[in-house]
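Novice: structure of the sequence below:
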Amino acid sequence: MVKQLNNRETTHKLKILPKHFRDVVSGNKKFEVRYNDRDYHVNDILILQEWNDEKSLFTGNFIRVCVTHILDDEKYLQKGYVILSIARVLNLTRDKATVAKENERDQ
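Specialist: Got it, this is the predicted structure:
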């Protein structure tokens, strides 16, 4: 099942591991497999925030992408999961002050 284009736009902040983050930044990875606990829609904005799992903190790197297509088919995916096709909307950004505040808040 494909969700069609809509007028609604929501921004979701999501953690992403460094290897996958680099692949999105380089353009080699154009999708995200996610549990659909956020009711994703086409045109939603994802702020993919690089997450250091070993240190349990954000690195400060993030990228904004737009959801261009959603595959939601239990024939191919585990129940509740979706594949989000994504396209970059802004360049990679690093905001150390914001990251420091978020890391303090999350600890």
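Novice: for the lengthiest strand in the chain, which positions count as buried?
Specialist: The residue-count maximum for a strand in the chain (DSSP state E) belongs to strand 57-71. For strand 57-71, the neighbour count (16 or more other CB atoms under 10 Å) marks 57-67, 69-71 as buried. Quick note: C-beta positions are derived from backbone N, CA and C, even for glycine.
Novice: which stretch of helix or strand covers Val25?
Specialist: For Val25, the element it lies in under DSSP states H and E is helix 18-26.
Novice: which stretches of the protein form helices?
Specialist: 18-26, 96-106 (DSSP state H).
Novice: would you reformat the buried residues of strand 57-71 as TSV and include pLDDT and distance to Lys15?
Specialist: Formatted as TSV, the buried residues of strand 57-71 follow (pLDDT from 0 to 100; distance: CB to CB, whole Å):
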residue	pLDDT	distance to Lys15
Leu57	96	10
Phe58	97	8
Thr59	96	11
Gly60	96	13
Asn61	96	12
Phe62	94	10
Ile63	95	13
Arg64	94	15
Val65	96	14
Cys66	96	18
Val67	97	17
His69	98	22
Ile70	98	20
Leu71	98	21
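Novice: where among the helices of the chain is average confidence lowest?
Specialist: Mean pLDDT per stretch puts helix 96-106 lowest among the helices of the chain, at a mean of 67.
Novice: closest to Glu104 out of the buried residues of strand 57-71?
Specialist: Using CB to CB, Leu57 comes nearest to Glu104 of those, at 9.7 Å.
Novice: for the closest one, give its distance to His69.
Specialist: 32 Å (CB to CB, to the nearest Å).
Novice: what's the answer for Phe31, then?
Specialist: 9 Å.
Novice: name the residues contacting each of the two.
Specialist: Leu84, Ser85 (CB atoms under 8 Å, 6 or more residues apart in numbering).
Novice: how near is the residue lying farthest from the centre of the chain to Ile47?
Specialist: Residue farthest from the centre of the chain, counting by CA atoms, centre = their mean, is Lys75 at 23.4 Å. Distance, Lys75 to Ile47, using CB to CB: 30 Å.
Novice: same deal with Glu54?
Specialist: For Glu54 relative to Ile47 (CB to CB), the value is 22 Å.
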